[in-house]
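1. Fold the following, please.
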Amino acid sequence: MGRTVVTAKDAARQLDAFKAARKAAAAEGSIASGGLPPPEKPDTYRDRLMKYIPAEIVAIYLALLNLIKGAEPAKTPINAIEWGLFWFILAVTIPWQLKIMKIAKWQQVAVGTTAFFLWAVTLGDPFATSWGWYQPLYGTAVMMLFTFLIPLFEPEKA
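-> Got it, this is the predicted structure:
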């Protein structure tokens, strides 16, 4: 199972390609199905939920934030480092999803990047220490709704 979300349309396209390859192989007198793997089934709500959240990115961000919190505040510009870390990880999220996780749909990459952003806001720092209006409940409420609703979205083939 790859990380790209498989929609019903994707599964239908794969099935059509598989059938066409088998038909061509049968016409040639070959038993092979053209080297194509059998078509995948569309992802369920739970599958899409797992594929949309870049858990590895959130985990490394959380680990690095906790590492920074252990620094001595008098000698370390903690807030500046936290902001730098946030922007760096946010920027890395896109190529990481494309190259490492091999996600082929730009809509899914956008959803994963948005998910990281919302998780970062929910975690608090550096947002909590930079803005007086910040309340943890804002990020938490939005993250909960996003996580609940986003698996209803099925991205189209890129």
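2. C-alpha from now on. contacts and neighbour counts both.
-> OK.
3. Residue ranges of each domain in the protein, please.
-> Per the record, the chain has its domains at 1-42, 44-152, by automatic domain parsing.
4. Reformat these as CSV; add mean pLDDT and mean neighbour count.
-> Below are the domains of the chain laid out as CSV (pLDDT from 0 to 100; neighbours: other CA atoms under 10 Å):
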stretch, mean pLDDT, mean neighbour count
domain 1-42, 72, 15
domain 44-152, 88, 16
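5. Closest to the centroid, which residue in the protein?
-> Centrality entry for the chain: nearest residue to the mean C-alpha point is Gly112, 3.2 Å, by CA atoms, centre = their mean.
6. so that one is in which element?
-> Counting by DSSP states H and E, the element that carries Gly112 is helix 106-123.
7. With just CA atoms, put the helix or strand just after that helix into CSV.
-> Later in the chain than helix 106-123, the nearest helix or strand by DSSP H and E is helix 127-130. This file holds the C-alpha atoms of helix 127-130, laid out as CSV (Å, rounded to 0.1, in the frame of the first residue of the first chain):
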residue,chain,number,x,y,z
PHE,A,127,2.7,30.5,18.0
ALA,A,128,1.8,30.5,21.7
THR,A,129,4.8,32.6,22.6
SER,A,130,4.5,35.1,19.7
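8. can you list contacts of helix 127-130?
-> For helix 127-130, the external contacting residues (CA atoms under 8 Å, 6 or more residues apart in numbering) are 79, 121, 134-136.
9. Could you let me know which of those residues ends up closest to Phe146?
-> Among those, Val121 lies closest to Phe146 (CA to CA), at 12.8 Å.
10. State whether the closest one and Ala141 are indeed in contact, as I suppose.
-> No. Using CA atoms under 8 Å, Val121 is not in contact with Ala141; the gap is 10.8 Å.
11. tell me the helices in this structure, going along the chain?
-> Ranges of helices in the chain, per DSSP state H, are 8-28, 45-52, 55-69, 78-95, 106-123, 127-130, 136-149.
12. Those into TSV, with extra columns for distance to Gly2?
-> Below are the helices of the chain laid out as TSV (distance: least, CA to CA, whole Å):
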stretch	distance to Gly2
helix 8-28	13
helix 45-52	9
helix 55-69	15
helix 78-95	16
helix 106-123	13
helix 127-130	33
helix 136-149	20
